[in-house]
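J.: the following comprises the amino acid sequence and a computationally predicted model.
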Number of protein chains: 2
Amino acid sequence: MSENMPGKGIGTNVICQVSLVVRDIERTAKAYADIFGMEVPPVRITDREPVTHIKYRGAPTEGRAKLAFFQMGSLSLELIEPLGGPSAWKEFLDTHGEGVHHIAFRIRGMDEVLAYLDGKGVLLIQRGDYTGGRYAYVDAVPALHVIVELLESTK
Amino acid sequence: MSENMPGKGIGTNVICQVSLVVRDIERTAKAYADIFGMEVPPVRITDREPVTHIKYRGAPTEGRAKLAFFQMGSLSLELIEPLGGPSAWKEFLDTHGEGVHHIAFRIRGMDEVLAYLDGKGVLLIQRGDYTGGRYAYVDAVPALHVIVELLESTK
């Protein structure tokens, strides 16, 4: 157990993000902005695999996504529209349709936390890098009934 | 428009709760406590209709639920296990299975906010009272891809 590895659970219980997979991010972003009295946020597209090192179910993929973020209190609400090849996002849309995809937590020591969760049967679905950090989705559905995202800052 | 009615949207964008419908609340609560290093919270049962004035799709119901709450950062994560008769909770479990049921917001002026949302096609599913407040679930699924709960303190 490294110095980063929490003694209790994954070392945090602070939900920092709720994320939904949607089919039309521009339309859904407008609806959120309207109902909650917010500005429509910019939509950006995730980088390609050589930049993000995305691995979905163990293999690199051309799957990407459009993303938009609303700050809603202390957490962000993220909209995700899957693009291109296989991904956790496309898998969810194909299986469940639109809806809440995951809740996210900021952790320290990604590999240690993933190993801890793996030991509890909570298995990695997808991981990758983004500017300033790395993320992983784990399949907490059997235990917690929702996918969990781990976020770690590398700055 | 009353003095309580917001000029922009529903007057708040602060997510105060994320709630999941589950089949076995004791088992799921233990899993959350384990993975996030928290105490297992007490499980309580909602009061009966004469106390809560619950109306599901416009009619009183004997539907009730077991509830458990985890404080996770600035918001609470609620677990809900449907009991008894028809309810928004049972409808969700029967239709979607276990998973995220709603995100909640604290509002002022319940009837005004419900009328505002109704005007946007976001329709009431269920409402009722609890000690110190009232709640309503609205069907924001077509627009926002998640059910929204409105919570209003009456204290």
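T.: Looks like it arrived, so ask away.
J.: helices or strands up against the helix ranked longest in chain A?
T.: Longest helix in chain A, counting residues (DSSP state H): helix A:25-36. Judged by 3 or more CB pairs under 8 Å, 6 or more residues apart in numbering or on different chains; DSSP states H and E, the packing partners of helix A:25-36 are strand A:64-72, strand A:75-83, helix B:141-144. In short, each C-beta sits where N, CA and C put it, glycine included.
J.: for it, list the C-alpha coordinates in CSV.
T.: Taking Å, rounded to 0.1, in the frame of the first residue of the first chain, the C-alpha atoms of helix A:25-36 are listed here in CSV:
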residue,chain,number,x,y,z
ILE,A,25,-25.4,17.3,-26.8
GLU,A,26,-26.2,20.7,-28.3
ARG,A,27,-29.9,20.1,-27.8
THR,A,28,-29.6,18.7,-24.3
ALA,A,29,-27.2,21.5,-23.2
LYS,A,30,-29.8,24.1,-24.3
ALA,A,31,-32.5,22.4,-22.3
TYR,A,32,-30.3,22.4,-19.1
ALA,A,33,-29.4,26.0,-19.7
ASP,A,34,-33.0,26.9,-20.1
ILE,A,35,-34.4,25.0,-17.1
PHE,A,36,-31.6,26.0,-14.7
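J.: centre of the chain to that helix, how far?
T.: Put simply, helix A:25-36 sits 20 Å off its chain's centre (CA atoms, centre = their mean, to the nearest Å).
J.: who's in contact with it?
T.: Helix A:25-36 is contacted by residues A:20, A:22, A:38-41, A:43, A:66-68, A:70, A:72, A:77, A:79-81, B:9-10, B:12-13, B:117, B:120, B:122, B:140, B:143-145 when judged by CB atoms under 8 Å, 6 or more residues apart in numbering or on different chains.
J.: what residue ranges in chain A are flagged as low confidence?
T.: A:1-7 (pLDDT under 70).
J.: ranges for the strands of chain A?
T.: A:15-21, A:44-45, A:55-56, A:59-60, A:64-72, A:75-83, A:99-106, A:123-130, A:133-139, A:147-153 (DSSP state E).
J.: so what strands line up beside the fifth one?
T.: Applying DSSP bridges to the sheet, strand A:64-72 is found paired with strand A:44-45 (antiparallel), strand A:75-83 (antiparallel).
J.: reformat these as CSV; add mean neighbour count and distance to residue A:112.
T.: Output for these, formatted as CSV (neighbours: other CB atoms under 10 Å in any protein chain shown; distance: least, CB to CB, whole Å):
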stretch, mean neighbour count, distance to residue A:112
strand A:44-45, 12, 30
strand A:75-83, 22, 24
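J.: residue A:112: how many residues sit nearby?
T.: Neighbour count of residue A:112, defined by other CB atoms under 10 Å in any protein chain shown: 18.
J.: state the distance from it to residue B:97.
T.: Separation of residue A:112 from residue B:97 (CB to CB, to the nearest Å) stands at 32 Å.
J.: try residue A:149
T.: Applying CB to CB to residue A:149 and residue B:97 gives a distance of 21 Å.
J.: now swap in residue A:49 and tell me
T.: As judged by CB to CB, residue A:49 and residue B:97 stand 32 Å apart.
J.: got it, and residue A:79?
T.: 23 Å.
J.: residue A:17 too?
T.: Separation of residue A:17 from residue B:97 (CB to CB): 23 Å.
J.: ok, the two, which is more surrounded?
T.: Higher neighbour count among residue A:17 and residue B:97: residue A:17, with 17 against 13, using other CB under 10 Å.
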